[in-house]
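Undergrad: no FASTA, just this:
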Ligand SMILES: Cc1ncc(C[n+]2csc(CCOP(=O)(O)OP(=O)(O)O)c2C)c(N)n1
Ligand SMILES: Cc1ncc(C[n+]2csc(CCOP(=O)(O)OP(=O)(O)O)c2C)c(N)n1
Ligand code: SF4
Ligand code: SF4
Ligand SMILES: [Mg+2]
Ligand SMILES: [Mg+2]
């Protein structure tokens, strides 16, 4: 339908909003037009009013891509729900596009579906350049044929009424549009705008309020659609943030004092946050000359008593391999965060993948047992940092935390954590070291030992990466090597003995069990729930602890006809040329589970560089379920 | 028995030598006394006369260790046999010690047994320093109580008769002793001595011949023992060398022109050999500023058309991780040799371990399928280099060759290879590139493609580690990523389809199948043969191809009651505290086999820093066989 | 020569190359990015020198600047962050016939790539290095680089960089065997072109630091010098960078500097009050490693085979 | 102070330390190895300055020289090849209370460790660096190092090293923010001691290159200078390295050099005819990164807790 047509119609205010349990909105623009701010504000407002929300940014590959180009699309997706929203979902229900070209980039990535309501800035229709007018016209026609409900909106014209530089104003106007569309409480919105622009002065506040209201009014007047996503009352205060902010805050809450890093996408934003906030908790960010120096610096801190964190992504992890081996061999507490991106090599730097699990476990030559954990939600990104520092010190070695680009950039509300003393690192022990106790007084039962810290009188020892005995003396006698390795490996067995078997989502038995790890939790459970709704006997299980693994898997698996993992990494697709069942290369978790349980764990994994949408997972699970029955 | 006692007796020349099918001799001295040269010559002479031989050097941890110190022992072990000798064997039958302290270092490593004949330089008994005389006396007494047949020999005294610096002469005298003991053809020996010392002048030749004969005569006159190890006639010319020399020669025979390296034990000696010999085949050794630069340089050569080799060990491998990922992603042919040593971290730099298998497979973040092969003999070290270059170019990617410190330093005779044209790299193609053919024209069936090489007109392209399409253009569209990864992984499936199932050593079915890889071949088969001799139903299988693995394993395994690997790397020992069957960390090959075959592959692995002797393996296999029955 | 298929190798390069023949994918740098002008300077040079595209290789690391090879229609190697030098040295080691450029950034070269930079200068293999120095990490969105001036704000140092900026020129001048060290700016195309041309003509490693504008993140850093030429000091000398006198006159501050005078070069490199442009130092005598690495090229496989035989014979029992 | 258990931290260090108190495991270097004399010099300094063993940390990489920490009875970190600097910087970052030494070799520092060396000099954190330069890779048995003189034979260059030797002093003098750069020899204990003492007293990164004899592999390299002092040039100055005039007179060639004169320092560093000993350069004003990294030390966990609360509140919906 055509908006200009609408305008002639009698005003259509106040018709009843359609109630929906969840909705997906996308806002796309050229970069620099503020679609993301607009979306963040909208998302935050929905969260405030008690909706579940997941927002994820759409980031162009270039820093300043050409205007009106597909590859240049910059924007955001907001998924709203009545209940908690755990992932970005499937196709969008509503899309707002600042020009037709950027919308195409979303069409290319299957972000839209027939029926999607598309709000398109129709200002281009009146552009002085024929070519642009023509591109616009063709696109609109095309959109109609694709079955979108196209609503042409005079976004820029309207904005010009209130500002000379509409490029900077459009996003507020669109925020108004969305507020009308989802009938949000405008007072809340205005407060938020006032707060945000306060430091820019009253003029700015006023201008933005006007744009906001104009967008709101225009929509009430001209758009028939009206949606309402019922919200539940919030019982506790909620925070909204992305995974990188969450883990940065976790670092602060854990009482860690040093983050040693080298910039790399998509990990860097965590360090950016720390660079601006860390000093509030007396911490520092060290930007090293490279990743090797970054982890070396962190290990130096840890050796000197202050367990440090180093944050990186795939290529950086590759460079930390050797020092990781030293931290294992010399038992240096250390927290290593890997925000996974598309690999191998430089791969897809801004895109998601879960491809670094095996590298985290096995990259260091020789046997290097270490703890590897993976948060599955943004909230867990926060809490796992506290856990990680604790484990690192308790078990005297490196702890790796695997997140990914999806968690790093996704935003989600969760109950505000209440920081505790007990989360904080204890002060560095500088008391005299007990006479006669060696620096590696391994408890034969557990392999655990307490380390002397420089400053402790009588604890003097030389840390070394050479094979060493409990005095940290270089081993000339070979039996010592076996002993030290036993002790280091035993720590994992001990830690594992403290873990509970993982919770099964759905029935404890059935036809199919889906196993996942990391950021896929939400999408997998959403798919599983939907299928269970259809009466299918499928359950899922999500691992947070990958080394050592949570216990009891074999028994749990035994209660299902079929077990498979769903992962965002590479595996050979059965039936492809030259592939035999025996030669298939499985996805990374599946391979580990097969070796450990000897259960024929199947897998479905893809590397699209984007999260796996629930619907796609559903379709695949349905296929597998048919195989089973 | 005491040599001086002997002397009084009537001369005991010419008594019949005892025939033995195999014998182990050790020569130990302070470093710088030439025990190794002596042993090498003795080994070579035995080989020449048709005996099977395995020699392995005993290297002190320090560069110039203090004299008469245990840690300072420098020497060599020579194992002789009537048939081929594939490993260093168990305890020594004969030991020659230049002083009593160095012998203790061998006792510490269980190199001797009650009954071992020990030739000990008794010169120390007359040393001016009481302390030394006393140490000597105590040691001799101790040796007797340990049940060795101690023969005190006036090595140094005798040498003084012919040279002022006996430190440099003892080894020739001892060579004479051994020649008498094993009644070698002295003419052969003298020729060898003449050849070796020719360039040092006649005086030197004469002196050494005199020392040699004196040692020979003294032994005939004073030692009752006489051994003969029957030899078979040699049908073809044989060469004797260690594994590092073999692979260096393999590099030359493969027509590789560049070895880019950074020094690291135990890999460096291969580069040393190339540094002095490579120019004969027009090759160069580049010593880079570090391992990252070393592999980067090699990749540059390969990109420019000359497939290069980089040689390293564990810590160096850790640093090559990132570039390895690039070579996989951008499909750059490359040969990477890893001479494994004890890990993790700096570990045991001069000692053997098989701990880098998983790192070779999984170190690079993301999915990086690559070919990994492991020679099992010194002869294979040579031939696998030719294979490796071929595979690297055929399958357009890195090929990793895993050897270890045992192969690197062990010496063994094998038939002299006859180099072929076909082994050599073809000349770099500089013809015009076929119009319209992209740089990655992946054959969908095989994933294979041919690469343009700088200089080829029309082939211009930009190699990149970013996700890319067949034009090597950066992928903005995600489906491309899946496709490229499929293609790279498919190459492994294709290669695997060309491999034959591995040969089973022993019966094709039975109670126990032992699986190994790398340098353990000889010891495992010796142990298996011995047990089979006792009628036990055990066989073995040795893998040369580890990624992809040789086919048919599952069926082969199915024909045995129990399958286990024997490896020189770490695995948890069942029954140790907190260990559950599910939480056990298996040895590296066992883990891979379990994941791939779902057969309950058990393992026995140790990290003593030394090869696993056949007897030790036998004992363990016997234990497992009892479990089975 | 050196194991190339002889017949084809000797075939003459007939057709003349035009600018378009050196243009690859459309450059995706920000509008006004200094990298654009460096790209066109190199393309012009390639055209003027008629470098055969198939015998020209551009090696880079990772960064905005390192996207450079994609925009050239030649052979290219867009490798790993910080590792352009080892790859370039490897390419050069057995290919004396290629024309080579190395493009790197201030993070790529002076942070993670430091070791390779220092040693590449020692090796002095024959290629032209273009260090596109925008005083910032561009591609990863504005973090401090070693050449960031103290006090400059970035996402990793919101209160301003703490460190004294590393001076790539003075470091390079401290390395034995440095053979060509120059500095230019992206905003004066004639000097940029003249410098790259001299660098390309030089036999050995030519190290050229290009002060490069990053309008997106560090616009203010070089804008003053761009607007006011008195903030630059032009080194002139017959053995230096030679260009149209008219352009030379644009620079109010000029100094005669003999590029064989190392001490003066170092002093000029240390000047903090101005950007010193031109050729600091040249040593045509510096030893070239690529001459050594080329040894044995072209040996026939027959003689190789014979040599392998001989080598094996040394091990006969 | 800074989050240490207060009560214990303030306890005074009573007992006096003797040489034995600083002696660790028996040194296993070759007889006559220059490392022995450096070790005893450091042990003597520790004794003379009464450095508390528990507050003294020696960080090293891998190499013969890097075995150093094992032979000291203090805290030590015998880490990875080439990576002593990052570890040392990390230790220092939050521990202003420790006395720190970094021991490295010419391969460890000038080859694989180059990047960290260059940037450690920039960071100028407070510790003393002892570069034990024997012009060779010792531990791995005689391969060329960056400081190996051209023509010197090694196992990787049996015909002699091809490269001009890297000069660690001139490179270091090319780095902005260098604050203390000196050179000494292992075979003149008084000068060695005086240099290390001055380095230890200096606040910031003191870079000391010790020309170190390796009788096992490179005996001939330094023997001439050891036997003939006229092959060395001693820099003297009130602000330089001060020692007993009697020892000073052993050096026939002396030159007055003001360590604040960078240009002259560079010229002296370049002298190839003699080994120049003493203090090349000192800049007490150079910015110290360790003063910045110490920020926030000692903040109470209460105030941290409060700060975390506040940080979280910024994200309240
Ligand atoms: C090993 C590794 N670490 C980090 C990165 C992330 N990264 C990409 S470019 C870059 C720095 C770019 O800065 P610069 O070299 O100055 O180039 P510019 O973008 O400014 O041209 C970094 C840190 C990476 N790709 N690989
Ligand atoms: C990553 C890595 N690469 C290589 C080695 C092998 N390695 C040990 S010490 C050393 C060089 C030693 O030379 P230098 O630093 O000069 O010390 P020196 O022994 O001469 O005192 C090398 C290459 C290693 N241990 N780790
Ligand atoms: S961010 Fe800076 S350097 Fe990168 S393209 Fe844009 S302007 Fe150029
Ligand atoms: S090899 Fe050289 S450096 Fe190493 S300990 Fe012996 S003498 Fe010293
Ligand atoms: Mg930059
Ligand atoms: Mg050295």
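TA: Alright, I've got the coordinates. Fair warning: this is a prediction, and the values are worked out from it, not measured in the lab. Ligands and ions are numbered 1, 2, ... in the order given.

Undergrad: in space, not sequence, find me the middle residue of the chain.
TA: By default, I'm working from chain A. Nearest to the mean C-alpha position of chain A, counting by Cα atoms, centre = their mean, stands residue A:407 at 0.5 Å.

Undergrad: oops, wrong one, chain C.
TA: Within chain C, one residue has its C-alpha closest to the average C-alpha position: by Cα atoms, centre = their mean, that is residue C:129, at 1.4 Å.

Undergrad: am I right that that one sits in a helix?
TA: No: Residue C:129: not assigned to a helix; according to DSSP: H, G, I helix; E, B strand; the rest coil it is strand.

Undergrad: show me what it is bridged to.
TA: residue C:102, residue C:207 (DSSP bridges).

Undergrad: quick one, what contacts it?
TA: C:101, C:102, C:104, C:120, C:199, C:205, C:206, C:207, C:208 (Cβ atoms under 8 Å, 6 or more residues apart in numbering or on different chains). C-betas here are computed from N, CA, C, even on glycine.

Undergrad: which of these lies closest to chain B?
TA: Top of the list for closeness to chain B, among these and by Cβ to the nearest Cβ, is residue C:120 at 9.0 Å.

Undergrad: in this structure the closest one contacts residue C:87, no?
TA: No: with contact defined as Cβ atoms under 8 Å, residue C:120 and residue C:87 do not form a contacting pair (10.5 Å).

Undergrad: where in the chain is pLDDT low?
TA: If you meant another chain, say so; for now it's chain A. Within chain A, the segments meeting pLDDT under 70 span A:1-15.

Undergrad: look at chain C instead
TA: Answering for chain C: the residues below the bar, that is pLDDT under 70, span C:1-14.

Undergrad: so where do the strands sit in it?
TA: C:56-60, C:75-78, C:99-105, C:127-133, C:180-185, C:205-211, C:232-236, C:253-256, C:275-282 (DSSP state E).

Undergrad: nearest to ligand 6, out of those strands?
TA: When the strands of chain C are compared by Cβ to the ion, strand C:205-211 sits nearest ligand 6, at 25.8 Å.

Undergrad: what helices or strands is the closest one leaning on?
TA: Applying 3 or more Cβ pairs under 8 Å, 6 or more residues apart in numbering or on different chains; DSSP states H and E, one finds that strand C:205-211 contacts helix C:34-48, helix C:114-123, strand C:127-133, helix C:168-173, strand C:180-185, helix C:189-201.

Undergrad: contacting residues around the fifth one?
TA: Under the contact criterion Cβ under 8 Å, 6+ apart, strand C:180-185 has outside partners C:169, C:172-173, C:191-192, C:195-196, C:198-199, C:202, C:204-212, C:222, C:225-226, C:232, C:241, C:265, C:275-283.

Undergrad: buried subset of those residues?
TA: C:169, C:172-173, C:191-192, C:195-196, C:198-199, C:202, C:204-212, C:222, C:225-226, C:232, C:241, C:265, C:275-283 (16 or more other Cβ atoms under 10 Å in any protein chain shown).

Undergrad: ok, which residues in chain C are in contact with chain D?
TA: Neighbours of chain D within chain C, by Cβ under 8 Å from any Cβ of the partner chain: C:111-115, C:118-119, C:122-123, C:146, C:150, C:162-167, C:170-177, C:262-263, C:266-267, C:270, C:286-287, C:289, C:292.

Undergrad: could you report the separation of residue A:327 from residue A:398?
TA: From residue A:327 across to residue A:398, the span is 4 Å (Cβ to Cβ, to the nearest Å).

Undergrad: common neighbours of these two, please.
TA: Common neighbours of residue A:327 and residue A:398, using Cβ under 8 Å, 6+ apart, are A:334, A:370.

Undergrad: now residue A:95, what's its secondary structure?
TA: strand.

Undergrad: sec struct for the residue nearest to the centre of chain A, please.
TA: For residue A:407, the secondary-structure state derived from three-state DSSP is helix.

Undergrad: that one contacts residue A:382, doesn't it?
TA: No: taking contact to mean Cβ under 8 Å, the distance of 11.0 Å between residue A:407 and residue A:382 leaves them out of contact.
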